[in-house]
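Q: Kindly generate the corresponding structure for this input.
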Amino acid sequence: MSPPASTADVVGSLYSSHHGWLHNWLWRKVGCRDGAADIAHDTFLRVLSADALETLREPRAYLTTIANGLLVNHWRRLTLERAYLEALAMQDGALEPSPEERALTIEALMQVDAMLARLAPKAREAFLLSQIDGLTYAAIAEQLQVSDRMVKKYMAQAMLQCLLIGNGDA
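A: Predicted structure coming up:
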């Protein structure tokens, strides 16, 4: 009986058998070889931290599932980046951030977007009505047709998520 394969052996075998296929599949989705290579790389990084790879029966379905999640993140990041750059274009030219500032801002926007996505729809709406529109809790409660107490609960949930971002836990 042979000893169980190490995770590195399993991932190495998975990589050599399926990387070319995954890269081509991603290239068709992304339309850019470099972008496809980056996402394929990130897919295999996720595979490295996965459990129970030895029992994997459908490797392409597994890789596709991981890569699809990464593609969603990729498209979301591009959408956020595009919106940020459009907002910058509407501002005074003296407000031009450096490339490093842009990258940090886009990363922060991605974290906020992910935080908002983790909130329940009403909690997200309450948070945005408070922070973007400046509504009071009473006005938010009226608009959402909930109690003031519920708005406080929604805001507490949102603030907890904000704290988690600040601590790097989110």
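
Q: surely Val112 meets Gly166?
A: No: in this structure Val112 lies outside contact range of Gly166 using C-beta atoms under 8 Å: 11.2 Å. Just so you know, the C-beta spots here come from the backbone N, C-alpha and C atoms, and that holds for glycine as well.

Q: Neighbour count: those two, which is higher?
A: Applying other C-beta atoms under 10 Å to Val112 and Gly166 shows that Val112 carries more neighbours, namely 15 against 10.

Q: which residues does that one contact?
A: Ile165 (C-beta atoms under 8 Å, 6 or more residues apart in numbering).

Q: ok, 10 Å please
A: Residues near Val112 by C-beta atoms under 10 Å, 6 or more residues apart in numbering: 80, 161-162, 165, 170.

Q: Looking at the residues you listed, spot the one nearest Ser98.
A: Nearest to Ser98 among those: Leu80, at 18.5 Å, using C-beta to C-beta.

Q: Which helix or which strand is home to that closest one?
A: Take DSSP states H and E as the rule and Leu80 turns out to sit in helix 59-90.

Q: quick revisit: pull out the buried members of the contacts of Val112.
A: 80, 161-162 (16 or more other C-beta atoms under 10 Å).

Q: ok, how many other residues are close to Arg124?
A: 18.

Q: ok, it touching Arg118?
A: Yes: using C-beta atoms under 10 Å, Arg124 is in contact with Arg118, at 8.8 Å.

Q: which residues do the two both contact?
A: Counting by C-beta under 10 Å, 6+ apart, the residues touching both Arg124 and Arg118 are 157-158, 161.

Q: Restricted to helices, list the residues you listed.
A: 157-158, 161 (DSSP state H).

Q: Nearest to Cys32, out of the residues you listed: which one, please.
A: The nearest member of these to Cys32, counting by C-beta to C-beta, is Gln161 at 32.7 Å.

Q: pretty sure the closest one contacts Ala120?
A: No: Gln161 is beyond contact range of Ala120, at 11.0 Å (criterion: C-beta under 10 Å).
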